[in-house]
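K.L.:
A structural model of the following input is requested.
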Amino acid sequence: MRINPFSLSATKAAAETMFITDKNGTTYFFPWGHQKTGYVLTDPEIREKFTHFYSWAFLLFLYALGLCLACADLLHNVKILFIGPPACFAVWLLVYRNYTNRIIHALPIAKLKYSDIVLDLWIPDDESPLE
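P.N.:
All right, here's what the predicted structure looks like:
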């Protein structure tokens with residue numbers, strides 16, 4: 001089996017963890033983590049657009065980070081080590097925040113928390129009381 005080093009499957013898998021579907025088939029989007037506010041996903045196309053964006057943005061961040069580290073090594077400049085990686089992360093975070101805010105401004109806020117949805121998925125429908 002041939003492995004593609006430029007595969008986006010790992011970053012797409014990371015982006016997919018921000019989405020969860022309950023037993024009723026409603027998909028929720030938690031872009032800021034499972035402890036923050038979630039949103040009800042009304043259009044499945046938004047999920048595809050976001051995972052595509054997240055994959056490419058994170059991959060570009062990793063390339064920029066590698067470039068900073070390589071430049072620091074090649075130029076023997078320690079300052080690049082202290083300035084480059086935080087700057088790359090700050091730019092990635094700013095781009096992620098702006099893109100995500102554009103997506104979620106039209107989505108309704110979820111009334112359920114992430115933990116409630118996950119617990120509901122783990123509890124069987126035909127649960128009977130213990131005797």
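K.L.:
In this structure, what residue spans correspond to helices?
P.N.:
9-16, 44-75, 78-104, 114-122 (DSSP state H).
K.L.:
for the second one, packing partners?
P.N.:
Spelled out, it's helix 44-75. helix 9-16, strand 27-29, helix 78-104 (3 or more Cβ pairs under 8 Å, 6 or more residues apart in numbering; DSSP states H and E). Yep, even glycine has a C-beta here, placed from its N, CA and C like the rest.
K.L.:
Repeat the analysis, applying 10 Å as the threshold.
P.N.:
Packing partners of helix 44-75 (3 or more Cβ pairs under 10 Å, 6 or more residues apart in numbering; DSSP states H and E): helix 9-16, strand 19-21, strand 27-29, helix 78-104.
K.L.:
before we move on, the earlier item: any chance of the helices of the chain in a markdown table, with mean neighbour count too?
P.N.:
Below are the helices of the chain laid out as a markdown table (neighbours: other Cβ atoms under 10 Å):
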| stretch | mean neighbour count |
| --- | --- |
| helix 9-16 | 14 |
| helix 44-75 | 15 |
| helix 78-104 | 14 |
| helix 114-122 | 12 |
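K.L.:
so which of those helices comes closest to residue 38?
P.N.:
Closest to residue 38 of the helices of the chain is helix 114-122 (Cβ to Cβ; 6.1 Å).
K.L.:
Convert the C-alpha atoms of that closest one to CSV, please.
P.N.:
Taking Å, rounded to 0.1, in the frame of the first residue of the first chain, the C-alpha atoms of helix 114-122 are listed here in CSV:
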residue,chain,number,x,y,z
TYR,A,114,-22.1,18.3,24.1
SER,A,115,-22.0,16.0,27.2
ASP,A,116,-25.8,15.7,27.1
ILE,A,117,-25.7,14.6,23.4
VAL,A,118,-23.0,12.0,24.0
LEU,A,119,-24.7,10.6,27.1
ASP,A,120,-27.9,10.3,25.2
LEU,A,121,-26.1,8.3,22.5
TRP,A,122,-24.6,5.9,25.0
